[in-house]
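J.: with the input below, show me the fold.
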Amino acid sequence: MLELVKAGGWPMIPLLLLGVLALAIVVERFWSLRRKEILPPGLGEEVRAWAGRGQLEPAHIESLRRNSPLGEVLAAALDVRNKPRDQIRERIEDTGRHVVHRMEKFLNALGSIASAGPLLGLLGTVVGMIQMFLGIQDSGLGDVNALAGGIGKALVCAAAGMIVAIPALLFHRYFRGRVTGYVMEMEKEATALVDALEARHPRPAARPAGTVAPVAAPTSA
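T.: Below is the predicted model of the structure:
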């Protein structure tokens, strides 16, 4: 392995650094995006039971907010539980955007590594070809070692760029899909909570436009 790194020349240094960074991001995201950390089992049912029993003290809500990303979204709905449904959904969506941003932490960097790896490999290839042609210019076609060194550097850098880029791209797509799945499940739990809140505190239906509220019949004197 060390010989291959030496054969690739200086373009291998940034490729190796990108490879190490990509590995660190993948390990960190696997740890941070564990399902039980994002969507604790049974949390949605427990919060709906709280709402059904009216156990919505500020301490309960604050504890829920610190519990997990799902808990933060549900706590946002409970903060405005006495508001109209559209305002509750607006608060859920606003909080959800912040939660998704945190879940996608470092994924842009992983995608950038997937894009930069082949470009750095191509740079190494160009450097190797330049070295080869300079060797031909200095020594002619008879110097096989100069030709082999340039071709070897070009091939090693191209291969290293793909080795870094392909796993980074695959894991980037995988984590994006996992985050999307979590978002869909959090939306489902939030909708169920809003329905439970409305069932406990039903709001009067809005009157159609143009109708007049009924007037109470006058009482006889």
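J.: just name whatever secondary elements the longest helix belonging to the chain is in contact with.
T.: If you go by DSSP state H, the chain has its longest helix at helix 144-200. If contacts are counted by 3 or more CB pairs under 8 Å, 6 or more residues apart in numbering; DSSP states H and E, helix 144-200 sits against helix 2-8, helix 12-32, helix 43-53, helix 69-79, helix 85-103, helix 107-139. No exception for glycine: its C-beta is placed from N, CA and C like everyone else's.
J.: now with 10 Å, please.
T.: The contact analysis (3 or more CB pairs under 10 Å, 6 or more residues apart in numbering; DSSP states H and E) places helix 144-200 against helix 2-8, helix 12-32, helix 35-38, helix 43-53, helix 69-79, helix 85-103, helix 107-139.
J.: so the host helix or strand of Ser63 versus helix 69-79, what angle?
T.: Element membership of Ser63, judged by DSSP states H and E, is helix 58-67. Put simply, helix 58-67 runs at 150 degrees to helix 69-79, going by axes from the mean of the first three to the mean of the last three CA atoms, to 10 degrees.
J.: now helix 58-67 against helix 85-103, angle please.
T.: 40 degrees.
J.: buried residues in helix 58-67?
T.: Across helix 58-67, burial judged by 16 or more other CB atoms under 10 Å covers 61, 64-65, 67.
J.: kindly report the same for stretch 23-42.
T.: The neighbour-count check on stretch 23-42 (16+ other CB under 10 Å) flags 25-26, 29, 33, 38-39 as buried.
J.: send the alpha carbons of it over as PDB?
T.: This file holds the C-alpha atoms of stretch 23-42, laid out as PDB (Å, rounded to 0.1, in the frame of the first residue of the first chain):
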ATOM      1  CA  LEU A  23     -14.600   7.400   6.800                       C
ATOM      2  CA  ALA A  24     -15.000   9.600   9.900                       C
ATOM      3  CA  ILE A  25     -18.200  11.100   8.500                       C
ATOM      4  CA  VAL A  26     -19.700   7.700   7.700                       C
ATOM      5  CA  VAL A  27     -18.900   6.300  11.200                       C
ATOM      6  CA  GLU A  28     -20.300   9.500  12.900                       C
ATOM      7  CA  ARG A  29     -23.500   9.400  10.800                       C
ATOM      8  CA  PHE A  30     -24.100   5.700  11.500                       C
ATOM      9  CA  TRP A  31     -23.900   6.500  15.200                       C
ATOM     10  CA  SER A  32     -25.900   9.600  15.200                       C
ATOM     11  CA  LEU A  33     -28.700   8.300  12.900                       C
ATOM     12  CA  ARG A  34     -29.500   5.200  14.900                       C
ATOM     13  CA  ARG A  35     -33.200   4.600  14.800                       C
ATOM     14  CA  LYS A  36     -33.700   4.400  18.500                       C
ATOM     15  CA  GLU A  37     -32.000   7.800  18.900                       C
ATOM     16  CA  ILE A  38     -34.200   9.500  16.300                       C
ATOM     17  CA  LEU A  39     -37.500   7.700  16.700                       C
ATOM     18  CA  PRO A  40     -37.600   6.100  20.200                       C
ATOM     19  CA  PRO A  41     -39.900   3.100  20.200                       C
ATOM     20  CA  GLY A  42     -43.300   3.900  21.700                       C
END
